[in-house]
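Engineer: What would the 3D arrangement of this be:
(one chain, ligands or ions: 2)
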Amino acid sequence: MSTLTPDICVIGGGSAGLTVAAAGASFGHDVVLVERGEMGGDCLNTGCVPSKALIAAARYAHAARAGARFGVAGSAEVDYAAVHAHVAGAIATIAPIDSVERFEGLGVRVMRESARFLDGRTVVAGEATIRARRFVIATGSRPVVPPIEGLAEVGPLTNESVFDLTRLPARLLVIGGGPIGAELSQAFARLGAAVTVVEASRLLGREDPAAVDVVRGALADDGVRLIEGVGIARCVRVDGGIEATLSDGRTIVADDVLVAVGRRAATADLDLAAAGIETREGAVVVDHGLRTANRRVFAIGDVTGGLQFTHVAGHQASLAVRAIVFRLPVRYRPELMPRVTYTAPELAQVGPTEAELRAGDARARAETVAFTHNDRAVADGDTRGFVKLLIDGRGKLAGATIVGPNAGEMIAPYALALAGKVKLSTIASFVPPYPTRAEAGKRAAVNHFAASLTKGWVRKLLMVLKRL
Ligand SMILES: Cc1cc2nc3c(=O)[nH]c(=O)nc-3n(C[C@H](O)[C@H](O)[C@H](O)COP(=O)(O)OP(=O)(O)OC[C@H]3O[C@@H](n4cnc5c(N)ncnc54)[C@H](O)[C@@H]3O)c2cc1C
Ligand SMILES: NC(=O)c1ccc[n+]([C@@H]2O[C@H](COP(=O)([O-])OP(=O)(O)OC[C@H]3O[C@@H](n4cnc5c(N)ncnc54)[C@H](O)[C@@H]3O)[C@@H](O)[C@H]2O)c1
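Structural biologist: Ligands and ions are numbered 1, 2, ... in the order given. Below you'll find the model as predicted:
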């Protein structure tokens, strides 16, 4: 058994681990990366990339059918094998960036093994023992399959298998209406499947209810049957499909079942206890500097059980690199992380939602501007949605909720504004190009100040100024 003594040992080659490995090596550190599955992890192989590629194909199918109201009639003929080829092609196009070859070219030693801790400063990977100065756990998460009677036996799909389908499921049952359930149910419906979503609680339950209403309406328009507030009691294979019995007694028959009820941190095989690393519900517990209970070991990305997004994983990786390479104090600030659900229309959030903000701040306000009178939205024939600016009791921007086409692009300046402490008055006075949906955000900020003009002392001041 060989012993390696690198500066950094990264466990997991997904969005989080690859960022640490590349940056660590570029700063001259000796880096070993241990990855037991596909390089690129969830995002590239079974998450963001295939889901967004599928959504793109679905957008074309929808557009082909939806043109009649613009005077452009048409119909969509979906060749699902070709859709699958597009999805696989998107992965294959990006894969070289995350490949073993590229990382070895950067000077990283890549080991295709499963890693586990032997003790507080030793990891075993295949035949090798690794005694690194610093370890970074970036092993991600896996889909949860809930203990519903008969579910495991019917062979449900998860994000790890659904993108391998080369035929469109004629009838698809989606269990869970979180981001995965919402995005994929709409995409499959647009591609021609008859889709039912069963959500035990509320569609996109983490998000602003008014924004979710817009998405709920869009899913209905696309033919998704959404059942909320009901669970599934059991599943069984019957002649011609899979029958699911809901907890209220109703039954649904489908060809395939997709499970999307959340994730569990991938820590089971790591023997974290041997290294003195604390876990909570399987996720690695870290402090604000992303350090575990073992000061030699950092943990980043989905495995920490916090916000599970690629950009969060990448950001945490850059903080870990700063701490390891430059020995600088770092602080992860989850409140600055934006998130986007890529339904059509998209739903984007940064900072607390209105309900979260008001719960802790009685003087908080929300300024909402709908796209109804936004010229660009009218011209595009799609006025669904709104921009909502969230303003704390001291009059400072606390967050934003946007639902509408390209909300994911539109949230970026608000994430920048929060990170850079941009004043609301700056947002009220900047000049967005015409005609864009961005004007709605400026309008919301202007409205905030316009409201203060109704205050008695402001009115009196204006009367005095008028006389001068
Ligand atoms: C369907 C879907 C769509 C998504 N869409 C988006 C999106 O649009 N935008 C967004 O920001 N996020 C999205 N996400 C979330 C995003 O994919 C994850 O947050 C991100 O991939 C997490 O990266 P990670 O590096 O923490 O983990 P992962 O990418 O899961 O990487 C972990 C790696 O560790 C390896 N590993 C695990 N255990 C071991 C071990 N013991 N030894 C060696 N290797 C090990 C695994 O094989 C894996 O490759 C989506 C997720 C899904 C499922
Ligand atoms: N656009 C994006 O950035 C994007 C897209 C997809 C996934 N993701 C990431 O992946 C994570 C996982 O997504 P997800 O949608 O699997 O999980 P989730 O935890 O976000 O949502 C799961 C949903 O399933 C419901 N549920 C739980 N048990 C159920 C049951 N037995 N029957 C019916 N419903 C049940 C929950 O109430 C919840 O609404 C997300 O939280 C997100 O961080 C991000």
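
Engineer: My read is that Asp255 contacts Leu165, right?
Structural biologist: No - look at Asp255 against Leu165 with Cβ atoms under 8 Å: they stay out of range, at 10.4 Å. For the C-beta atoms, the positions are set from N, CA and C on the backbone; glycine is no exception.

Engineer: Which of these two has more residues huddled nearby?
Structural biologist: When neighbours are counted by other Cβ atoms under 10 Å, Asp255 and Leu165 differ, and Leu165 comes out ahead with 19 against 16.

Engineer: Report the separation between the residue nearest to the more buried one when sequence neighbours are not counted and Leu168.
Structural biologist: Nearest non-adjacent residue to Leu165, counting by Cβ to Cβ, 6 or more residues apart in numbering: His84, 6.7 Å away. Distance, His84 to Leu168, by Cβ to Cβ, to the nearest Å: 9 Å.

Engineer: what's around the residue of the stretch 151-300 of the chain found nearest ligand 1, how many residues?
Structural biologist: Using Cβ to the nearest ligand atom, the single residue of the stretch 151-300 of the chain nearest to ligand 1 is Asn159, 3.9 Å away. Applying other Cβ under 10 Å, we find 20 residues neighbouring Asn159.

Engineer: Please name the residues that touch the nearest residue in space to it that is not next to it in sequence.
Structural biologist: What sits nearest to Asn159 in space, not counting adjacent residues and going by Cβ to Cβ, 6+ apart, is Thr46, at 5.0 Å. Counting by Cβ atoms under 8 Å, 6 or more residues apart in numbering, Thr46 makes contact with Asn159, Glu160, Phe163.

Engineer: Please verify my assumption that Arg237 contacts Glu153.
Structural biologist: Yes - with contact defined as Cβ under 8 Å, Arg237 and Glu153 form a contacting pair (7.3 Å).

Engineer: The residue nearest to the spatial centre of the chain: what's it in contact with?
Structural biologist: The centroid of the chain falls nearest to Phe309 when counting by Cα atoms, centre = their mean (4.4 Å). By Cβ under 8 Å, 6+ apart, the contact list for Phe309 reads Met337, Arg339.

Engineer: what's the answer for the one 10 residues further on, then?
Structural biologist: Listed by Cβ under 8 Å, 6+ apart, the contact partners of Leu319 are Gly289, Leu290, Ile300, Val330, Arg331, Tyr332.

Engineer: same thing but at 10 Å, please
Structural biologist: Contact analysis of Leu319 by Cβ atoms under 10 Å, 6 or more residues apart in numbering lists Val20, His288, Gly289, Leu290, Phe298, Ile300, Leu328, Val330, Arg331, Tyr332, Arg333.

Engineer: just checking, the first one touches Ala299?
Structural biologist: No - with contact defined as Cβ atoms under 10 Å, Val20 and Ala299 do not form a contacting pair (11.1 Å).

Engineer: more crowded one of these two?
Structural biologist: Remark: of Val20 and Ala299, Val20 carries more neighbours, 33 against 30, as counted by other Cβ under 10 Å.

Engineer: is any part of the helix or strand hosting the more buried one close to ligand 1?
Structural biologist: Assigned by DSSP states H and E, Val20 falls within helix 15-26. Yes - remark: helix 15-26 sits within contact range of ligand 1 at Ser15, Ala16, Gly17, by Cβ under 6 Å from any ligand atom.

Engineer: Three-state assignment for Thr368, please.
Structural biologist: Secondary structure, DSSP: H, G, I helix; E, B strand; the rest coil: Thr368 is strand.

Engineer: what does the protein put close to ligand 1?
Structural biologist: 11-17, 34-37, 41-43, 47-48, 51-52, 114-115, 138-141, 159, 180, 266, 269-270, 301-303, 308-311, 313, 342.

Engineer: re earlier: ok, the residues of helix 15-26 next to ligand 1 vs Ala260, which is closest?
Structural biologist: Nearest to Ala260 out of the residues of helix 15-26 next to ligand 1 is Ser15 (Cβ to Cβ; 19.4 Å).

Engineer: What's the separation between that closest one and ligand 2?
Structural biologist: Ser15 sits 12 Å away from ligand 2, going by Cβ to the nearest ligand atom, to the nearest Å.

Engineer: Contact partners for that residue?
Structural biologist: Contacts here follow Cβ under 10 Å, 6+ apart; on that basis Ser15 touches 40-44, 47-48, 98, 138, 140, 300-302, 309-317.

Engineer: Then Arg202?
Structural biologist: Counting by Cβ under 10 Å, 6+ apart, Arg202 has contacts Gly177, Pro209, Val212, Arg216, Glu228, Gly229.

Engineer: Strands - which of the residues you listed land there?
Structural biologist: Counting by DSSP state E, the part of these found in strands is Glu228.

Engineer: just the buried members of the contacts of Arg202?
Structural biologist: Gly177, Val212, Arg216 (16 or more other Cβ atoms under 10 Å).

Engineer: Just confirm Ile94 contacts Gly47, I think it does.
Structural biologist: No - assessed by Cβ under 10 Å, Ile94 is found out of contact with Gly47, at 12.0 Å.

Engineer: Same drill for the two, tell me which one is more crowded.
Structural biologist: Between Ile94 and Gly47, counting by other Cβ under 10 Å, Gly47 is the more crowded of the two (24 against 17).

Engineer: ok, for that one, nearest residue in space, not its chain neighbours?
Structural biologist: Using Cβ to Cβ, 6+ apart and skipping residues adjacent in sequence, the residue nearest Gly47 is Asn159, 6.2 Å away.

Engineer: And stretch 195-211, end to end?
Structural biologist: Start-to-end span of stretch 195-211 (Cα to Cα, to the nearest Å) is 22 Å.

Engineer: All the helices of the stretch 301-450 of the chain, in order from the start?
Structural biologist: With DSSP state H, counting those that start in this stretch as the criterion, the stretch 301-450 of the chain has helices at 310-325, 354-360, 375-380, 407-410, 412-419, 424-429, 438-452.

Engineer: got the buried residues for the longest one?
Structural biologist: Within helix 310-325, the residues that count as buried by 16+ other Cβ under 10 Å are 310-317, 319-321, 323-325.

Engineer: Report the mean per-residue pLDDT for that helix.
Structural biologist: In this model, helix 310-325 has an average pLDDT of 98.

Engineer: and if you look at the fourth one?
Structural biologist: Over the span of helix 407-410, the pLDDT mean works out to 98.

Engineer: which helices and strands sit right next to that helix?
Structural biologist: In terms of contacts (3 or more Cβ pairs under 10 Å, 6 or more residues apart in numbering; DSSP states H and E), helix 407-410 is packed against strand 339-341, strand 346-350, strand 386-391, strand 397-404, helix 438-452.

Engineer: how about the second one, does it reach ligand 2?
Structural biologist: The reference is to strand 346-350. No - on the criterion Cβ under 6 Å from any ligand atom, strand 346-350 is out of touch with ligand 2, staying 8.6 Å away.
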